[in-house]
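[1] With the sequence up front, the predicted model follows.
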Amino acid sequence: MDLNISMTDAVLISTFYSVEPFMPAAHAFSPKKIILLIDNLDDKVKANVELIKKTFGNVAQIEVIKMERGNILSVAKKTVEMLEKESSKDKRIIINVSGGWKLLANAVLYGCYARQELIDKIVCNSLDDNSLIELPKLSYGLTKAKRELLEEISTRNGKSISEVSDKLGKSRGMIYQHLKELKENGYVDEKFYITDAGRMALL
């Protein structure tokens, strides 16, 4: 698969810990802006960030963003905010999830799924030869009706499902069918309260 694309203003957003997993994407896309997402700033990471600045600082704007370690919802929300900020007709956004802690990479992906229409490509490195593999741009797959229900559930505050049904003007049978599907996707729990996955789906 040919991942090289012609672009004048590419933004490469990359989870980051060390230089090696980052380089294939940087070389493939020649970004004008690089955003490194890190979840710790130990001496090794600082040294690697400095190496990236030294290597690419003359050809790309470089930004380092500290993410909250272990807080998936916070990282996903910050990813959505970043995508919205960087998005424009003249930019292509490439997401690289090859480096850093796995939980950070997954949380960034969850944020990407909430705004997949803003992203040109999501890539990671092959374990065999470090070549780039393009990942699917998935979405949370919420219909308008399920999204409205999930939004109502997110502010439920002890309301019964009957009250939720009445507020939305939908039959209880339909509401329970939607809740069953939301539960199967992990967006609500056994008692039909919103989960962190559900909150990410609403980002």
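    All right, it came through fine. Numbering: from 1, shown residues only.
[2] Give me the most central residue, this protein.
    Compute the mean C-alpha point of the chain, and by Cα atoms, centre = their mean the closest residue is residue 111, 2.4 Å away.
[3] can you give me the helices for the chain?
    When assigned using DSSP state H, the helices of the chain occupy the ranges 19-29, 43-56, 72-86, 102-114, 144-154, 161-168, 172-184, 196-201.
[4] Now do the contacts for the residue nearest to the residue nearest to the centre of the chain when sequence neighbours are not counted.
    What sits nearest to residue 111 in space, not counting adjacent residues and going by Cβ to Cβ, 6 or more residues apart in numbering, is residue 79, at 2.6 Å. Any C-beta I mention is one placed from the backbone N, CA and C, and that applies to glycine too. Contact analysis of residue 79 by Cβ atoms under 8 Å, 6 or more residues apart in numbering lists 37, 107, 108, 110, 111, 112.
[5] Now render those as JSON lines, adding distance to residue 182.
    Below are the contacts of residue 79 laid out as JSON lines (distance: Cβ to Cβ, whole Å):
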{"residue": "37", "distance to residue 182": "29"}
{"residue": "107", "distance to residue 182": "21"}
{"residue": "108", "distance to residue 182": "24"}
{"residue": "110", "distance to residue 182": "16"}
{"residue": "111", "distance to residue 182": "20"}
{"residue": "112", "distance to residue 182": "21"}
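[6] Can you pick out the most distant pair from these?
    The most widely separated members of those are 37 and 110, with 13.1 Å between them, by Cβ to Cβ.
[7] Looks like residue 138 contacts residue 111 (just checking).
    No: because the distance of 11.9 Å does not satisfy Cβ atoms under 8 Å, residue 138 is recorded as not touching residue 111.
[8] okay, now the domains of this structure?
    Structural domains annotated on the chain: 10-135, 144-201, as defined by automatic domain parsing.
[9] what pLDDT, on average, does the longest one get?
    This means domain 10-135. Averaged across domain 10-135, the pLDDT comes to 94.
[10] do the shortest one as well
    Summarised as a single mean, pLDDT over domain 144-201 is 94.
[11] that older thread, who has more neighbours out of residue 37 and residue 110?
    Shown here are residue 37 and residue 110; by other Cβ atoms under 10 Å, residue 37 has more neighbours (27 against 22).
[12] so what's the more buried one up against?
    With Cβ under 8 Å, 6+ apart as the criterion, the residues that contact residue 37 are 13, 14, 15, 16, 65, 67, 79, 100, 104, 108.
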